[in-house]
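Participant: Dropping a prediction and its sequence here:
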Amino acid sequence: MKTEELTRYAERALKRHGFELAVNRFPPDRCFDLVARGEGISIVVKTAYDMLEVPRRQLDELYAISNWASATPLILAERRGDEKLDSDAVYVRGGVYAISPTALRRSLEGDPPLVEVGPAGCYVYINGEAMKEKREKLGLSVGELARLVGVSRMTIYSYERERRRRTTPNVAYRLEYVLGIPIVIPVDPLRYRPSAERRPIPEDLMARALGKGILGLVARLLSRLKLAVRALSHAPFDMLVKHDGEMIKVALNVVDKEGYDERRINSTRKFAELMGLNHLVVRTSGCKRPEDVASIGIDELKSIRRPEEFAQLLT
């Protein structure tokens, strides 16, 4: 499938399973094509024929946006280079899971893949608690099980200490054969959460990187309020802004008279609504005020001195 066909496939599959969603078409080199929210699940999806063709900067922004929105980043693709994606595997690239259309359908139906494929090889996750319980019922010592499976005693101990432990498919198969029970835990690509942004950028460096234009000015003003700022180049919004103490999480557009694009603002509004974020537009002097979206002039933003004042703009 081509990228547009993959997006339509994901849209149909997610809708069939009760997800609310919005398709994103901005900018042309966007880091995500679709956002969706279901029962207890939020997903930010990038589609590509080949998962390796997603540029690194887009991948980083997909990861960062998902992290800030407490959502799952996901690549929906057909291939990894010259290899067709297996429907019973999730593939890892830059901390983001990539899956085939069939794997997406199966995951939505409650039958997610079992194997995780990364740069270092193939792995599965095993249930250490179930493994220990069955070993003790069979009357096997740790050493006996280790000998039967062909691993060390310390390996068995390490598996049993954790609820979810990664190992190779070959070792997992031998464990299941000896114990007589399934112990492999499926890898659900729809419920993965980034733990933290991999390379957080200090706010002052972010502001300097944006330069002396309007984006740099807005970033400096927000940083002065002790707000965390994440600038973006491949999303419909220009920045993500947050402050944990004030529970501020904002998708922010910066617009002027020449660069005003109502389609981007609408795309950001839909994203913010689905992801449970606030949406704010910062306007330059004389710029049109968007409808149905909170907005503030650049001069008014300059007058704000505390994060609490900024938070009041969003209510």
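Facilitator: The structure has been received and is ready for your questions.
Participant: can we go C-alpha only for contacts and neighbour counts from here?
Facilitator: OK.
Participant: which stretches of the chain have low pLDDT?
Facilitator: In the predicted model, the chain carries pLDDT under 70 at residues 194-212, 246.
Participant: Tell me where the stretch 1-150 of the chain has helices.
Facilitator: Shown for the stretch 1-150 of the chain, the helices assigned by DSSP state H, counting those that start in this stretch span residues 3-16, 56-68, 101-108, 128-137, 142-149.
Participant: Using JSON lines, lay out the ones you listed together with distance to Cys31.
Facilitator: Formatted as JSON lines, the entries for these read as follows, by distance: least, C-alpha to C-alpha, whole Å:
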{"stretch": "helix 3-16", "distance to Cys31": "13"}
{"stretch": "helix 56-68", "distance to Cys31": "5"}
{"stretch": "helix 101-108", "distance to Cys31": "19"}
{"stretch": "helix 128-137", "distance to Cys31": "37"}
{"stretch": "helix 142-149", "distance to Cys31": "44"}
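Participant: Can you say which of those helices is nearest to Asn253?
Facilitator: Closest approach to Asn253 among those is made by helix 56-68 (14.5 Å; C-alpha to C-alpha).
Participant: Report the buried residues of the closest one.
Facilitator: Gln58, Leu59, Asp60, Glu61, Leu62, Tyr63, Ala64, Ile65, Ser66, Asn67, Trp68 (16 or more other C-alpha atoms under 10 Å).
Participant: per-domain residue ranges of this protein.
Facilitator: According to automatic domain parsing, the chain comprises the domains 3-112, 124-185, 203-312.
Participant: Could you check how far the shortest one is from the centre of its chain?
Facilitator: Pointing back at domain 124-185 there. In terms of C-alpha atoms, centre = their mean, to the nearest Å, the gap separating the centre of domain 124-185 from the centre of its chain is 31 Å.
Participant: can you give me the end-to-end distance of it?
Facilitator: Here the two ends of domain 124-185 are set 7 Å apart, with distance taken as C-alpha to C-alpha, to the nearest Å.
Participant: Packed most tightly, which of the domains of the chain would that be?
Facilitator: The densest packing among the domains of the chain, expressed as mean neighbour count by mean count of other C-alpha atoms under 10 Å, is seen in domain 3-112 with a mean of 19.
Participant: coming back round to it: which member of the buried residues of helix 56-68 is positioned nearest Leu108?
Facilitator: Looking across the buried residues of helix 56-68 and measuring by C-alpha to C-alpha, the closest to Leu108 is Ser66, at 19.3 Å.
Participant: how far away is the closest one from Leu240?
Facilitator: The value you get for Ser66 to Leu240, if C-alpha to C-alpha is used, is 11 Å.
Participant: Kindly report the same for Glu53.
Facilitator: Applying C-alpha to C-alpha, the value for Glu53 to Leu240 is 25 Å.
Participant: which residues sit in contact with the residue in the chain sticking out farthest from the centre?
Facilitator: When each C-alpha in the chain is compared with the mean C-alpha position (C-alpha atoms, centre = their mean), Gly139 comes out farthest, at 43.6 Å. With contact taken as C-alpha atoms under 8 Å, 6 or more residues apart in numbering, Gly139 is in contact with no other residue.
Participant: quick one on the thing from earlier: can you add distance to Thr155 and give the buried residues of helix 56-68 back as CSV?
Facilitator: As requested, the buried residues of helix 56-68 are arranged in CSV below (distance: C-alpha to C-alpha, whole Å):
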residue, distance to Thr155
Gln58, 38
Leu59, 34
Asp60, 34
Glu61, 37
Leu62, 36
Tyr63, 32
Ala64, 35
Ile65, 37
Ser66, 34
Asn67, 33
Trp68, 36
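Participant: circling back to that earlier point, out of the helices of the stretch 1-150 of the chain, which gets nearest to Glu300?
Facilitator: Taking C-alpha to C-alpha as the measure, the helices of the stretch 1-150 of the chain were each checked against Glu300, and helix 56-68 came out nearest at 25.9 Å.
Participant: Show me the contact partners of that closest one.
Facilitator: Taking contacts as C-alpha under 8 Å, 6+ apart, the residues outside helix 56-68 that touch it are 30-32, 43-44, 46, 72-73, 94-96, 193-197, 232, 234, 240, 249.
Participant: Looking at the residues you listed, which are in strands?
Facilitator: Among the contacts of helix 56-68, the members found in strands (DSSP state E) are Ile43, Val44, Lys46, Thr72, Pro73, Val96, Leu240, Lys249.
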